[in-house]
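Colleague: Sequence plus predicted model, see below.
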Amino acid sequence: MKINKSLSFLVFFTLLSIGNVFSKEKQPNVIIIITDDQGYGDLGFHGNPHVKTPVLDGFAKESVRFNNFYVSPVCAPTRSSLMTGRYSLRTGVRDTYNGGATMASNEVTVAEMLKQADYKTGIFGKWHLGDNYPGRPMDQGFDESVIHLAGGMGQVGDFTTYFQKERSYFDPVLWHNGKQQKFEGYCSDIFANEAIRFVEENRDEPFFCYLSFNAPHTPLQVPEKYYQKYKNIDPAEGFDDRLPFPEMSEKDKEDARKVYAMVENIDDNVGKLLDKLEELKLANNTIVIFMTDNGPQQKRYIAGMRGRKSSVFRGGVRVPFFIRYPELFAGDKEIETTAAHIDIMPTLAGICGVDLPENKKIDGENLLPLIKGEDVDWENRPLFFYWTRKFPELYNNIALQKGDFKLVGNTDYDGDIKDFEFLDIKNDPFELENIVAEKKELAKSYKLMLDEIYTELIASENLINQQAVEIGTPYENPVYLNRNDAGGSRGIWAQEEVFGLWHVKFNPGTYNFRFKFIQPVQKGGQMMLETKGIIHQKKNIQENVDILELNNITLPEMECDLIPTYMVKGKRILPFWVEVEKVKD
């Protein structure tokens, strides 16, 4: 999407080209480092005596630290808000799978925004906002991408690593600029090394590097040398008794050991990247952000907060946020004002001197005035949180926070105000005391604000008309449809007997279809492909196979649900993935 530059922006670059008035170095580089399911408590800097994070602890001390920074309760919504400055529902992202983790292609990303100033852009790691054209990173402003598919390596959507099981994080097949490529080593090392290569190759021009680790997300796999450092610790010991702390089973403790090992590996890799900035003399003129995408999935230390990943309580949505840019502002500063993922795009726009997207409602604010110590009048702005599977559910795992108070709904769609929790997070940071009875009228006013925001968001065009995978284009052929993006039954994952579909848009042409099953299907069945009332079928399959083909199918231009089913002995089996190749116009 092309965005017109402001007059001041045009003047800047006119002066730059004519008189060389400003040095090219004045345009800052941008690096965003985000980790996956690393909670607020998974840093030594935040009081965890077990996890060793000297690099990130040191980086925090050099940075401006936002102590009340919030994200969404789960991965894809956080990432869509980070990329666009908008609440995830506006972008069409409503879930982490169930076909709900595809961002609309009409959204403008940070990468596209920075293209106004001729930035080179790269992503390394987790995207989780669309695996097919037109929703891939390379379709959304990134010049280079080295990513895994779907929400995590080893998950059903990332079919190139799924069958590696306990080795899915090692020697993976990843997607480099849309093509499969074999890599050697551990995933976090690979993503960091690729990011460092990108920085080296683009050192002489402004760059945006999005280093998006998939760790410490499950499956909890880590090089043995890191695990050995933690195998004998007790993750439940050594904490302040005054902080609420979860009961940890032996499995919880073992999970924590692996998570801490994965985090230490990330810390080492962040150190390599920061060292490279110093070596290339880029550190002063590079904005570096570190954050995580939500709270921890498993039980462990989380600084006493209530809730974990998927929860709208603080343990699920409050995360570290450190920003360092020595050329513009000093570090080692703490800011208590509430901030959020939606603020990242407008902040980068303000620092880098580029325009925000036109004709898009930006929900976030520019944090630069706060960083500079200026007065701002949006400290009491409302922040909206929600997450449920598939689509939003009114008053279920939903919250509105404004100033010192927060309203949380975990009740029925027609629940009375007494069925909500109303929390004074300033005086009750662990969210333990429900004061809805004492503050009933104030709670009602929060509910009115929540209703207004919810009603506006669920009416978003990109949510109502979900982005289709476009098939038969020169940009992606063949197309692989994976389980992460399959709709149909709620909670569709690796099941065989389940109803599933993919929402697609066909360009007219002749296609070959290949259907991959998790395990061989029994012979004697019937393969059926339904596309908007057009059904193609092949009867009496002659052998047990895990791949079936339907070739030379001519289809008109249409947007539809693609529904593949293998029927045998009363069973209806959904393929694990579908390959669609256009062979003739």
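Modeller: Everything's here; your move.
Colleague: any idea where the strands of the stretch 51-200 of the chain begin and end?
Modeller: Ranges of strands in the stretch 51-200 of the chain, per DSSP state E, counting those that start in this stretch, are 64-66, 69-70, 120-126, 144-148, 173-176, 179-182.
Colleague: what packs against the third one?
Modeller: If contacts are counted by 3 or more Cβ pairs under 8 Å, 6 or more residues apart in numbering; DSSP states H and E, strand 120-126 sits against helix 110-114, strand 144-148, helix 187-201, strand 207-212. Bear in mind the C-beta positions are built from the backbone N, C-alpha and C, glycine included.
Colleague: from those, which stretch is densest packed?
Modeller: Greatest average neighbour count among the helices and strands packed on strand 120-126 goes to strand 207-212 (a mean of 26), per mean count of other Cβ atoms under 10 Å.
Colleague: coming back round to it: any chance of the strands of the stretch 51-200 of the chain in a markdown table, with distance to residue 395 and mean pLDDT too?
Modeller: Output for those, formatted as a markdown table (distance: least, Cβ to Cβ, whole Å; pLDDT from 0 to 100):
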| stretch | distance to residue 395 | mean pLDDT |
| --- | --- | --- |
| strand 64-66 | 29 | 98 |
| strand 69-70 | 20 | 98 |
| strand 120-126 | 31 | 98 |
| strand 144-148 | 35 | 98 |
| strand 173-176 | 39 | 98 |
| strand 179-182 | 44 | 98 |
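Colleague: Out of those strands, which is closest to residue 37?
Modeller: strand 120-126 (10.7 Å; Cβ to Cβ).
Colleague: The closest one pairs with which strands, parallel or anti?
Modeller: strand 144-148 (parallel), strand 207-212 (parallel) (DSSP bridges).
Colleague: rewinding a little: redo the strands of the stretch 51-200 of the chain as JSON lines? Include distance to residue 554.
Modeller: Formatted as JSON lines, these follow (distance: least, Cβ to Cβ, whole Å):
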{"stretch": "strand 64-66", "distance to residue 554": "56"}
{"stretch": "strand 69-70", "distance to residue 554": "51"}
{"stretch": "strand 120-126", "distance to residue 554": "37"}
{"stretch": "strand 144-148", "distance to residue 554": "33"}
{"stretch": "strand 173-176", "distance to residue 554": "29"}
{"stretch": "strand 179-182", "distance to residue 554": "27"}
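Colleague: For those strands, state which one has the densest average packing.
Modeller: Per-stretch averages of neighbours, counted by mean count of other Cβ under 10 Å, single out strand 120-126 among these, with a mean of 27.
Colleague: Just the buried residues of stretch 546-556, please?
Modeller: 548, 550, 553, 555 (16 or more other Cβ atoms under 10 Å).
Colleague: Could you give the bridge partners of the nearest residue to the last one once chain neighbours are set aside?
Modeller: Meaning residue 555. Excluding the flanking residues, the one nearest residue 555 by Cβ to Cβ, 6 or more residues apart in numbering is residue 506, at 5.0 Å. Beta-bridge pairing of residue 506 under DSSP bridges involves residue 471, residue 558.
Colleague: From what I see, residue 506 and residue 561 are in contact.
Modeller: No. Counting by Cβ atoms under 8 Å, residue 506 sits too far from residue 561 to count as a contact (11.5 Å).
Colleague: which residues touch the residue nearest to residue 395 when sequence neighbours are not counted?
Modeller: Distances taken as Cβ to Cβ, 6+ apart put residue 409 closest to residue 395, at 3.8 Å, once the chain neighbours are dropped. Residue 409 makes contact with 395-399, 415, 419-421, 450, according to Cβ atoms under 8 Å, 6 or more residues apart in numbering.
Colleague: Please apply the same query to residue 151.
Modeller: Neighbouring residues of residue 151 by Cβ under 8 Å, 6+ apart: 75-76, 96-97, 101, 126, 128, 157, 217, 484.
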